[in-house]
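[1] quick one, what's the 3D model for this:
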Amino acid sequence: MLLPTPTLHTTRLKLRPFDDADADDIFALQSNAYVLRFWDSPPWSERVRAERFIAACRQMAEEGTGARLAVDRASDGAFIGWCTLNQWNPEFRSASLGYCFSEAAWGHGYATEAARALLRWAYDTLDLNRVQAETDTRNVASARVLEKLGFEREGTLREDCIVNGDVSDSWIFGLLRRDWQPSA
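    Alright, predicted model coming up:
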């Protein structure tokens with residue numbers, strides 16, 4: 001089932017489908033070791049990874065498993081990150097949320113604003129009952145974004161990842177439709 005990737009607008013942001021022209025920006029983001037210091041995959045070292053990422057975004061939409069959106073600042077059109085809703089399961093009415101933003105975009109509320117827009121679309125369009133997210137337990141800023149969106153920390157996945165050679169725990173968060181506050 002085709003799941004068209006939406007274009008969403010907020011006061012300060014535009015969330016849109018990735019296109020081939022985004023390859024340099026996505027490579028710059030995903031090759032930054034500091035930005036990815038809590039990720040369970042290493043920073044990219046080859047630009048071809050950006051092209052594969054963009055192709056994977058299209059494939060996700062074509063297969064109907066989710067939507068990954070580039071996030072641009074509305075004031076100047078600058079690419080600042082991405083936000084995704086993946087692992088969409090229409091039978092269980094569930095999906096997973098993820099995001100990654102450039103270091104320069106941190107601390108401005110962009111991740112919360114972008115994720116809220118994507119969640120609003122997902123709950124309204126896909127009739128979701130549950131959205132789940134995970135973050136490394138050391139990534140307090142990401143946990144705070146999820147909490148601001150209304151997610152509840154439901155547990156800890158002990159030693160579930162290897163991050164930069166270190167065994168790492170993850171927190172699992174969940175947001176149920178009945179707890180979703182689209183304008184919070």
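[2] where in the protein is pLDDT low?
    1-2, 184 (pLDDT under 70).
[3] endpoints of stretch 73-87, how far apart?
    Using Cα to Cα, to the nearest Å, one end of stretch 73-87 lies 26 Å from the other.
[4] now tell me what touches it from outside.
    Outside stretch 73-87, the residues that touch it by Cβ atoms under 8 Å, 6 or more residues apart in numbering are 9-15, 18, 22, 25-26, 29, 60, 65-72, 94-102, 104-105, 110-111, 114-115, 118-119, 122, 131. Using the backbone N, CA and C atoms, a C-beta is placed for each residue, glycine as well.
[5] mind listing the strands for the protein?
    With DSSP state E, the ranges of strands along the chain come out as 8-9, 13-17, 67-73, 79-89, 94-101, 130-136, 152-163, 166-176.
[6] quick one: list the elements packing against the second one.
    If contacts are counted by 3 or more Cβ pairs under 8 Å, 6 or more residues apart in numbering; DSSP states H and E, strand 13-17 sits against strand 8-9, strand 67-73, helix 110-126.
[7] buried deepest among the ones you listed, which one?
    Highest mean neighbour count among those (mean count of other Cβ atoms under 10 Å): strand 67-73, with a mean of 23.
[8] that one pairs with which strands, and in what direction?
    If you go by DSSP bridges, strand 67-73 pairs up with strand 13-17 (antiparallel), strand 79-89 (antiparallel).
[9] pull the distance from it to the chain's centre.
    9 Å (Cα atoms, centre = their mean, to the nearest Å).
[10] do stretch 143-159 as well
    Its chain's average C-alpha position is 14 Å from that of stretch 143-159, according to Cα atoms, centre = their mean.
[11] check stretch 11-21 too.
    Relative to the centre of its chain, stretch 11-21 is centred 13 Å away, using Cα atoms, centre = their mean.
[12] what's near enough to touch residue 139?
    Applying Cβ under 8 Å, 6+ apart, the residues contacting residue 139 are residue 38.
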